[in-house]
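>>> the sequence and its predicted three-dimensional model are supplied below.
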Amino acid sequence: MKLTVDQLHITLDRTPILRDVSLEARKGDIVGLVGPNGSGKSTLLRAVYRSLRPADGAVRVGEDDVWALSPRAAARRTAAVLQDAGGNTTGLTVTEIVALGRAPHHGLLGRDGAEDHRAVTDAVDRCGVRPFADRDYASLSGGERQRVLLARALAQNPRLLVLDELTNHLDIRARFELLDLIRATGITTLAVLHDLDLAARLCDHLAVLYEGSVVAAGPVLDVLTPQILADVFGVRARTERHADGVIRITYEAQPLAHQDAPDVVSADTHPSPA
Amino acid sequence: MIVAISIGAVDVPVGDVWRIVLHHVTGAGPAPSDLALDQIVWNFRTPRVVLAALVGAGLAVSGAVLQTVVSNPLADPIVLGFSYGATLGAVLVITLGGGAALAGLGVSAAAFLGAVAAGALVFALGQRKGRMAPTRLVLAGVAVGYVFLSATSFVQLQATPTELRTVMFWMLGSVAGAQWDQLPTVAVVVLVTTTLLSLFGRRLNVLLAGDESATALGVDVNRLRAVLLVLSALLTGTVIAVAGSIGFVGLMIPHLVRLTTGADHRRLLPLTALLGAVYLVLVDLLSRTLDRPNELPLGILTALLGAPFFLWLLRRNKGLD
C-alpha cells in the first residue's frame, strides 16, 4: 500500500520535533529514512505506526488517515520492527513471539484458526527462524532476534513495513540476509537506517531528515550528494553507481572540521548562527 | 479438596465427606445421620476449603497480570500497594471497632475499600498526560504502599494488645472464618474477573513485546493497562477482604507456572488460577494440622513451604541466564 506523510508537525513536551514533513512511498517501494542522531527519524516512524498523534498534518496508509482507523485496523496494515522490541519477552518461545503478529486480526474472543497457523508458519519459514522456533527468545543472538521480530511483522500480513535500525549490531552477512529478505517480500517499506552504504544498497528512494525537516528526498544518487553528505552528516564523500550496479559511498579519511561545515541546508527554516 | 475437607482437628473418613458434600450439593443420597459430623464437614470445613481455593486463585491470577502490566517480575498485590490499602482498612475497623466514622462497616468491607482506594491512587499517580509508564506505575504503587503502611503502623500504636493480636492474625491471613454466605460474592468476583483477564490473554502477550511494539501490534497500551489494573485491584480487594493479606502466592505462583509451562497468558492465567487454588488449599490444610488443634496463620506457611521449591526451580531453569 502507498504511504503518504502529508505536512506533518509533531510536538513533544512543547518542543517541535517534526516540522512540515512530507514524504511518499509508492506501493512496493523501499524508502530509507536517514539523518543524524536526534533528527526526528524515530518520531516520524512513531507517527506512521500510530503511536504518536501529530499536532498537524496526516499520515495516510492507502487512502486512510491512520488516526481514522482503529488501533487494530491500523496494525492490520502497518507492521513495525522497533528497537524496544522484546523488552521483557523472557518465557515466550520464538513461535509464540511470531504469533503475536496475529493479535491485530483478533478481538477478545478470537481463537487461533487455520489462517493464523498458516501465516505464522509462513513467516517462520520465510525468515529462516525454523531451526530455533521452539527456543526461548532470550537465548537467541542479536541477528536471530531481528529475524524473529521481522517474522512477527510478516505474520501481521501488513501492507506497509516500518523498520527502525533493523540491522543495528548485526554482522555484515546477517545484514545482507535481512535486506534480501525485505526486498523479497515486495511490501512497501519505510526504514530508518544508520548506515548510509546499507541505505544506498537497499532503498529505491531516500529521505534525509535534519533537525525535524526533510532536507532532501528522491532517488539515492540525487539525495546523497557531496553537498548533503557534508552539510547534514559532516563528512566529505561522494556517491557513485559502480560497474556491478551497486551504489557505494566513498568517504575521505579526513572528516570535515567543524567550522568548515556549512550551517544547514534549508537555511530558510534554520537561520545560521553566524 | 475432598481430602482437605476430611482432615482436621477431627478426621472424617473421605467416603463420609464425599457423601455429605454430595448430599448438600445435589440432594442425592440419604441425609447424614451424624449431625455433628455434618456440621463439621458442611458448615466449617467445606466453606473454608472453597474459600482457600478462591483466594489462592484470585491472588495468583492478580499477581500474574500485574507482573505483565508493569513489566516487572517483582510485582504483586503487595508491591503495588493494594494489600497495604486493605490492611489499613482492616486495622482501622479492628482498632476503632465502634468508631463513629466507620460504623456499619465490617472488617472485610473496610479492607476491600482500602485495597480499591490504593488501586485508585496508584492508577491516578501512575499516569502522566494519559500515559501509564510501567516504571512509574510500580514506583507509585510502592510509594502508596508505604504511605498506607505508615498510617497502619500509626493506628497500631493506638491499639490495645488484644487488638494488636487480632491485627497481626489478620495481616498474616486466614480462611478460618469462612462462611457459606460470603462465598457467593467472592466466587462470582473471582470467576468473572479471572475469566475476563484470561480473555485479555493475547493482549497481555503483546504487552510483553514492549510498549511501542505493542502499539504497532494494534493494542491501545494505556487503555489496556487501565482495564487490567482495575480488574486486578477488584480481584485482589475482594480476596484480601475475606482472607487477609496473604503474601507469596501472588508473587511466586505465576513464576512457578511460567518456569514450567511458559509465559503465554492464554495458558498461564488458567493454570496460575488452578495452581494458586491448589496451593492455598494445601497450605490451609497444613496450617490447621501441623500444630493441632491450634492454627497457624497462612501467611507464615505460604512462603515457608513455597520458597524452597521455588528457589530450586529458579536454579534449575536455564532460560533466566
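Arrived safely, thanks for sending. Residues are numbered from 1 along each chain as shown, chains lettered A, B, ... in the order given.
>>> in the stretch 51-200 of chain B, which spans are helices?
Here the stretch 51-200 of chain B has its helices, by DSSP state H, counting those that start in this stretch, at B:82-96, B:107-125, B:134-157, B:161-172, B:183-199.
>>> tell me the most buried of those helices?
helix B:82-96 (a mean of 27; mean count of other C-beta atoms under 10 Å in any protein chain shown). C-beta: built from backbone N, CA, C; applies to glycine.
>>> what is the burial count for residue B:174?
By other C-beta atoms under 10 Å in any protein chain shown, 24 other residues sit near residue B:174.
>>> contacting residues for it?
Listed by C-beta atoms under 8 Å, 6 or more residues apart in numbering or on different chains, the contact partners of residue B:174 are B:243-244, B:287, B:295, B:297-298.
>>> lowest-confidence entry in those?
On pLDDT alone, residue B:295 ranks lowest of the contacts of residue B:174, at 81.
>>> measure that one to residue B:168 for me?
According to C-beta to C-beta, to the nearest Å, residue B:295 stands 13 Å off from residue B:168.
>>> which stretch in the helices of the stretch 51-200 of chain B has the least confidence?
Among the helices of the stretch 51-200 of chain B, helix B:161-172 scores lowest, at a mean of 84.
>>> contacts for it, please.
With C-beta under 8 Å, 6+ apart, helix B:161-172 has contacts from B:87, B:90-91, B:94-95, B:107, B:156, B:159, B:244-246, B:297-300.
>>> do stretch A:64-75 as well
A:48-50, A:53, A:58-61, A:77-78, A:103-104, A:156, B:215-220.
>>> endpoints of that stretch, how far apart?
One end of stretch A:64-75 to the other measures 13 Å (C-alpha to C-alpha, to the nearest Å).
>>> what comes up buried for it?
By 16 or more other C-beta atoms under 10 Å in any protein chain shown, the buried positions in stretch A:64-75 come out as A:65-66, A:69, A:71-72, A:74-75.
>>> just the ones of those residues in helices?
Judged by DSSP state H, helices contain the following of these: A:71-72, A:74-75.
>>> of those, which pair is most distant in space?
The span of these, defined through C-beta to C-beta, is set by A:72 and A:74 at 7.2 Å.
>>> next one: the helix or strand harbouring residue B:309 to chain centre, how far?
Using DSSP states H and E, residue B:309 sits in helix B:298-316. On the basis of C-alpha atoms, centre = their mean, to the nearest Å, the separation between the geometric centre of helix B:298-316 and that of its chain is 17 Å.
>>> swap in stretch B:248-255?
For stretch B:248-255, the distance to the chain centre is 10 Å (C-alpha atoms, centre = their mean).
>>> that older thread, who touches the helix holding residue B:309?
Contact with helix B:298-316 is made by B:171-175, B:243-249, B:252-253, B:255-256, B:259-260, B:279-280, B:282-284, B:286-287, B:290, B:320, as judged by C-beta under 8 Å, 6+ apart.
>>> in the chain, which residue is most central in space?
I went with chain A, as the question did not name one. Among the residues of chain A, the one closest to the centroid is residue A:191, at 2.3 Å (C-alpha atoms, centre = their mean).
>>> my question was about chain B, not that one.
Nearest residue to the geometric centre of chain B (C-alpha atoms, centre = their mean): residue B:59, 2.8 Å.
>>> might you report the residue contacts of that one?
B:77, B:236, B:239-240, B:246, B:249-250, B:253, B:276, B:280.
>>> mind running it again at 6 Å?
Residue B:59 makes contacts with B:239, B:249-250, as judged by C-beta atoms under 6 Å, 6 or more residues apart in numbering or on different chains.
>>> now it: how far from residue B:139?
Per C-beta to C-beta, residue B:59 is found 22 Å from residue B:139.
>>> next: residue B:126.
Look at residue B:126 and residue B:139: by C-beta to C-beta, they are 8 Å apart.
>>> between those two, what contacts are shared?
If you check residue B:126 and residue B:139 against C-beta under 6 Å, 6+ apart, no residue is contacted by both.
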